[in-house]
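Undergrad: fold the following for me, if possible:
(chains A and B)
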Amino acid sequence: MSEKSPKPRCFQEIILRLQAYWASKGCAVMQPYDMEVGAGTFHPATTLRSLGSRHWAAAYVQPSRRPTDGRYGENPNRLQHYYQYQVLIKPSPPDLQALYLGSLAAIGIDMDLHDIRFVEDDWESPTLGAWGLGWEVWCDGMEVSQFTYFQQVGGHDCTPVSGELTYGLERLAMYVLAVDHVMDMPYNDPDAPIALSYGDVFRQTEEEYSRHNFDVANTEVLLRHFEEAEAECEALLSLPAQDPKTGKRIIMAHPAYDQCIKASHIFNLLDARGVISVTERQAYIGRVRALAKQCADAFVQTEAGGHAA
Amino acid sequence: MPDLLIELFSEEIPARMQVRAAEDLKKRITDGLVEAGLTYSGAAGFSTPRRLALTVQGLTAVSPTLREERKGPRVDAPDKAIDGFLRGAGVAREDLEVRDEKKGQVYFAVVTKPGRNADEIVAEVLEATIRNFPWPKSMRWGSGSLKWVRPLHSILCILTDEAGEARVVDLDVDGITAGNTTEGHRFMGDGRFAVSSFEDYQARLKRAYVVLDTTERAETIWQDATNVAFANGLEVVEDRGLLAEVAGLVEWPVVLMGEIGEDFLGLPPEVLQTSMKEHQKFFSVKNPKTGRIERFITVANREAADQGATILAGNQKVLAARLADAKFFWENDIRVAETGGQAWLDSLANVTFHNKLGTQAERIERIAALAREIAPVVGADADLAEQAARWAKADLSSEMVNEFPELQGLMGRYYAGPAGYPEEAANAAQEHYSPLGPSDDIPTAPVSVAVALADKLDTLTGFWAIDEKPTGSKDPFALRRAALGIIRLVLENEVYISLINTLKTSYVGTIHSIAENSAVFIKAQIGEGETGYNQYSLAGLGDEFDDRLVTESLFTEFKSRNEPDGHHEGSWVGEDETLLVCLVSQVELGEHLLSFFHDRLKVYLRDQGIRHYVIDACIAMEGNDDLALLVKRATALSDFLKTDDGENLLQGFRRANNILTQAEEKDGVEYSYGADPKFAETDEERALFAALDTGEPAITAALKVEDFAAAMAGMAALRAPIDGFFEAVQVNTDNDIVRRNRLNLLSRIRQLCSAVADLTRIEG
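TA: Now for the predicted structure:
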């Protein structure tokens, strides 16, 4: 654990080092899921793949959206769109903590100078019907990652148990690069011919989406989309497993789960628009959870979900 | 006599669970060893973030051999019976002994259980302990099925004999094989190492930068923190809970003191303290001269090459971001407050307090009305009390309380001034939640007392009315605490108030809220139906609805106010008469709640040395819904009964009462009037007449002004004449006139005593 890496100089270098590190530890480096999600956990590579008996190891960046966190690009560390780095290994290896600490060293955190702590933080996702035990990892008092051993997802017990690591990339990078405002953070090499800051890349979109999310997004349309996604998800799962065209057993767990993700994101947008009351909130969360649960039920009936072919 | 050492080494154990877990480990292991027949001289449990450890000294090496005799059937019993006995005892027929008993020859089985080695027993007990450990939350990991608080990595389990030779106990739990090695500090330690005894273990751990003992870690933290603060002319704000938590977050504590940015020193000290504690686990450091919090102490888990400069700089930066948030909340809140804070009050109309009792805004209305009613009794201005009650919960909408719920009330105090509320309202905002715990101070300012009483009374009547009373150990709405709060408020402030009347007032407000919220519920149900309310029956309202709250008459009333086509217009509130019929009767509720108060009061006074029967004797008297009055009476009576006079007077009363009761049963009349001194035959009788003649008016007068101590003193003066009377006088004489006169005389004692308290309830 004493191999020391030089300090990275920009945001993307941190991402690249994490990719290289986890690739070297045997993870399949995947690409972001091509839908709007609230966190890296929603990527089917985590949610669905944490279910069933088949072994799995994946790492990826996931752009994540939290409409209520938009601050028009003005807040030093709040964004409605940000990146999470996500690692999921099933079964969780016995040296997962050491592997994790190795990743911090790889991005230039000198273990001899910093105080790394594992502080109790149990994770629960009411929308995914999931929970696990673990920690938030502190570096000098700052939370740099979430570390969770999944116990249940979509109402199913996880056997074997997956170990999940989530890094909030902007926050972590700001710390490593000693930057005070996210928009000032170098995105690519600061000595590159065209040096770009995080602000150059994202300030305008933060503004646009903040206005959209808080004041403009058409709530009637969104409400309708929510209903439609919900209905579509259920419709897909209600079809018989046997495909009439090919005669194969094809359960559409992933397409159905896309609809669940969609419903979840629409709910987040409606929440940001302030049209969901406190009591309705619980009901909406319950509806998304019901979808997640049905998708999980379907996935464990598939081959990837451990069902004997 | 070997010593046992156990260490269960895992990933980081939540700080709040560690100390309890070390105790559980000790208890479960030692209990198991003793149950298996071993003894030991001492044991101690330890915990750090990554390990639980246990040392057991002077363990017996082998458990004793047990010899058990079992009596069987007679020799001539049927084979079936004998076979059954053999199976039960686990022996063969030829091993049986035959003994002569009174009834003839009988079989005996003698079973010898040989002693077992400590190793074997330890392995068994430890495995059972690991598999059944009472963690508040536990988890699985990897592909295994074992459960522990976080993944368990290694088990150290050795027995060390007198010569210092250690041997590993043979044990394997789901693939984790017990050994004699452990690890030190995650970052400063240097790999695994073997240990040979507890002393060796503790010493080697320290060399590997782990302080095993939580108390030692806490002491080090506190010593170092106070020293570094003192060196700078400052002092650390004591916080035992935080100290215990931080001691559970580190194996090698290193104290560092840092600065709070100048920008943030203007925040209220409580805000600084809460933010630093909740988010960062920092101790606050204050300037004793100004009382201001100026710095913080953080406890790192390691020594660093740069003496912690990097660690401290990082922590300072995180704190600055946190406090920037707090400052943002503070400034936004002050802006809202400066407009009068109405926006907060308005938004409480959207915050549900309880789905049957309505919103926070409705609740505030009820509390304000009740505070107004109570105000004159506690010496507060009614307008001021109402105004304070309206403000008291405004801060629940503030951003600061949203972020730090534990600052509720306190922020209300800070924001009251800017919002244009008087000092009394500021105090009430903070104080009306008190007391929360038994050691909390009780507010004394009249307005605060009025609001505090109204708040708690409203909670009690509300939850009582919707039948959410505490049962057994379940009290989710903390109603016992609310009742105890009311008891302390009235007693410590000597508030003489009729609870029944106050509860009735409170109940009227509650009923309105329930009705309003019930009507909304019915409306919602009807709105969903296609053909309107006609389809609806009360039974159809389902479990969510307490059918006591909507009886047929309320429902009919509701229907009659709606259009015939089932369309419902506007919201609807029933009238008092209707509702009173519909709901739990006011009287019933008042009586139930009063006896709940009386039960709480007995518990409270028991701790103050007043026996429950003394309280019962006073509860039997009129005015028992005035708790201050009740306790004043009970205290005087309790004090009196502890004196010699009191004890004897009680005997005298009992004797008089017994004689009277018997005579009254026999004669079928009540002796209550007409004792005349002219029929007195002895000096003792005349003395008693005289004593009663002087005593009665004095005692009655004292009772009239509720001066129970004076009344008891008056009673004390009766003791000698009563004693004298019973010593010299035989009540039941042949002369019927004299007898009746004496009985009537005794009845004067009974009447007088009964005006003070129902002494028949006194036990002992």
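Undergrad: can you pull the pLDDT of the residue nearest the centre of chain A?
TA: The structure's chain A has its C-alpha centroid closest to residue A:40; by CA atoms, centre = their mean the separation is 0.8 Å. Looking at residue A:40, its pLDDT reads 94.
Undergrad: does it really touch residue A:59, like I thought?
TA: No - the pair residue A:40 / residue A:59 is not scored as a contact, 10.0 Å apart, by CB atoms under 8 Å. Yep, even glycine has a C-beta here, placed from its N, CA and C like the rest.
Undergrad: what touches both of these two?
TA: Common contacts of residue A:40 and residue A:59 (CB atoms under 8 Å, 6 or more residues apart in numbering or on different chains): A:85, A:86.
Undergrad: now do stretch B:246-264, average pLDDT.
TA: Taken as a whole, stretch B:246-264 has a mean pLDDT of 94.
Undergrad: likewise stretch B:745-763?
TA: For stretch B:745-763, the per-residue pLDDT averages 90.
Undergrad: just give me the neighbour total for residue A:47.
TA: 27 (other CB atoms under 10 Å in any protein chain shown).
Undergrad: now residue 214. Nearest residue, chain neighbours left out?
TA: Let's take chain A. Excluding the flanking residues, the one nearest residue A:214 by CB to CB, 6 or more residues apart in numbering or on different chains is residue A:272, at 6.0 Å.
Undergrad: hmm, no, I was thinking of chain B.
TA: residue B:247 (5.3 Å).
Undergrad: near chain B, which residues of the stretch 51-200 of chain A show up?
TA: Neighbours of chain B within the stretch 51-200 of chain A, by CB under 8 Å from any CB of the partner chain: A:76-77, A:91-94, A:97, A:110-120, A:122, A:132-135, A:139-142, A:149, A:151, A:158-161, A:163, A:175.
Undergrad: I'd guessed residue B:399 sits against residue B:326; true?
TA: No - using CB under 8 Å, residue B:399 makes no contact with residue B:326, being 9.5 Å away.
Undergrad: out of those two, which sits in the busier spot?
TA: Taking other CB under 10 Å, residue B:399 and residue B:326 do not tie; residue B:326 has more neighbours (22 against 18).
Undergrad: and the nearest residue to that one once chain neighbours are set aside, helix, strand or coil?
TA: Leaving aside its sequence neighbours, residue B:326 sits nearest to residue B:275 (CB to CB, 6+ apart; 4.9 Å). State at residue B:275, reduced to three classes by DSSP: H, G, I helix; E, B strand; the rest coil: helix.
Undergrad: could you double-check that residue B:275 sits in contact with residue B:320?
TA: No - shown here, residue B:275 and residue B:320 do not form a contact pair, counting by CB under 8 Å, at 11.1 Å.
Undergrad: of those two, who's got more company?
TA: Between residue B:275 and residue B:320, residue B:275 has the larger neighbour count (other CB under 10 Å), namely 25 against 15.
Undergrad: now residue B:724, nearest residue through space, not along the chain?
TA: residue B:684 (4.7 Å).
Undergrad: for the closest residue to chain A within the stretch 251-400 of chain B, give me the pLDDT.
TA: Residue of the stretch 251-400 of chain B nearest chain A, by CB to the nearest CB: residue B:314 (2.7 Å). Looking at residue B:314, its pLDDT stands at 92.
Undergrad: where does it fall, secondary structure wise?
TA: Assigned by DSSP states H and E, residue B:314 falls within helix B:309-338.
Undergrad: mind listing what's buried along that helix?
TA: Judged by neighbour count (16 or more other CB atoms under 10 Å in any protein chain shown), helix B:309-338 contains these buried residues: B:310-312, B:314-319, B:322-327, B:329-330, B:333-334, B:336-337.
Undergrad: which helices and strands sit right next to it?
TA: Helices and strands touching helix B:309-338, by 3 or more CB pairs under 8 Å, 6 or more residues apart in numbering or on different chains; DSSP states H and E, are strand A:142-153, strand B:254-259, helix B:269-280, strand B:293-300, helix B:399-403, helix B:410-416.
Undergrad: the helix or strand of chain A with the lowest mean pLDDT to strand A:142-153, inter-axis angle?
TA: Here the helix or strand of chain A ranked lowest by mean pLDDT, DSSP states H and E is helix A:278-299, holding a mean of 89. In terms of direction (axes from the mean of the first three to the mean of the last three CA atoms, to 10 degrees), helix A:278-299 departs from strand A:142-153 by 60 degrees.
Undergrad: run the chain-centre distance for helix A:278-299.
TA: 18 Å (CA atoms, centre = their mean, to the nearest Å).
Undergrad: so where's the chain uncertain?
TA: No chain specified, so I'll use chain A. Within chain A, the ranges that satisfy pLDDT under 70 run A:1-3, A:277-279, A:309.
Undergrad: um, chain B though
TA: B:512, B:514-588.
Undergrad: can you list the residues of it near chain A?
TA: Going by CB under 8 Å from any CB, the residues of chain B near chain A are B:11-12, B:14-16, B:49, B:137-143, B:149-151, B:153, B:187, B:249, B:280, B:298, B:300-302, B:304-306, B:310-311, B:313-315, B:317-319, B:321, B:350-352.
Undergrad: what's the nearest residue to the residue of the stretch 251-400 of chain B closest to chain A if we skip its chain neighbours?
TA: Sequence neighbours aside, residue A:140 is the residue nearest to residue B:314 in space, at 2.7 Å (criterion: CB to CB, 6+ apart).
Undergrad: ok, the one you found - contacts?
TA: Contacts of residue A:140 by CB under 8 Å, 6+ apart are A:114, A:115, B:310, B:311, B:313, B:314, B:315, B:318.
Undergrad: closest to residue B:433 among those?
TA: Closest to residue B:433 out of the contacts of residue A:140 is residue B:318 (31.0 Å), distances taken as CB to CB.
Undergrad: residue A:141 is in contact with the closest one, correct?
TA: Yes - here residue B:318 lies in contact with residue A:141, judged by CB under 8 Å, at a distance of 4.6 Å.
Undergrad: next, show the common contact partners of the two.
TA: residue B:280.
Undergrad: end to end on stretch A:167-183, go ahead and measure it.
TA: 19 Å (CA to CA, to the nearest Å).
Undergrad: got the contact list for it?
TA: Contacts of stretch A:167-183 (CB under 8 Å, 6+ apart): A:7-11, A:14-15, A:18, A:61, A:73, A:76-77, A:79, A:82-86, A:107-109, A:139, A:142-145, A:185-186, A:197-199, A:202-203, B:314.
Undergrad: list the buried residues in that stretch.
TA: Neighbour counts over stretch A:167-183 (16+ other CB under 10 Å) mark A:167-177, A:179, A:182-183 as buried.
Undergrad: how far off centre is that stretch?
TA: Mean-position distance between stretch A:167-183 and its chain equals 18 Å (CA atoms, centre = their mean).
Undergrad: now swap in stretch B:659-668 and tell me
TA: 49 Å.
Undergrad: repeat that for stretch B:717-731.
TA: Stretch B:717-731 sits 49 Å away from the centroid of its parent chain (CA atoms, centre = their mean).
Undergrad: can you tell me the closest non-neighbouring residue to the residue of chain B most remote from its centre?
TA: Relative to the C-alpha centroid of chain B, counting by CA atoms, centre = their mean, residue B:76 is the outermost residue, at 64.2 Å. Closest residue to residue B:76 apart from its sequence neighbours, by CB to CB, 6+ apart: residue B:104 at 7.2 Å.
Undergrad: for the one you found, the count of nearby residues, please.
TA: Neighbour count for residue B:104, taken as other CB under 10 Å: 9.
Undergrad: again, but for residue B:439
TA: Using other CB under 10 Å, the number of residues around residue B:439 comes to 6.
Undergrad: now residue B:686
TA: Neighbours of residue B:686 using other CB under 10 Å come to 14.
Undergrad: is it true that it lies in a helix?
TA: Yes - applying three-state DSSP, one finds residue B:686 inside a helix.
Undergrad: identify the residues contacting the nearest residue to it once chain neighbours are set aside.
TA: Take residue B:686 and drop its neighbours on the chain: the residue closest to it by CB to CB, 6+ apart is residue B:680, 4.8 Å away. Contact analysis of residue B:680 by CB under 8 Å, 6+ apart lists B:686, B:689, B:741.
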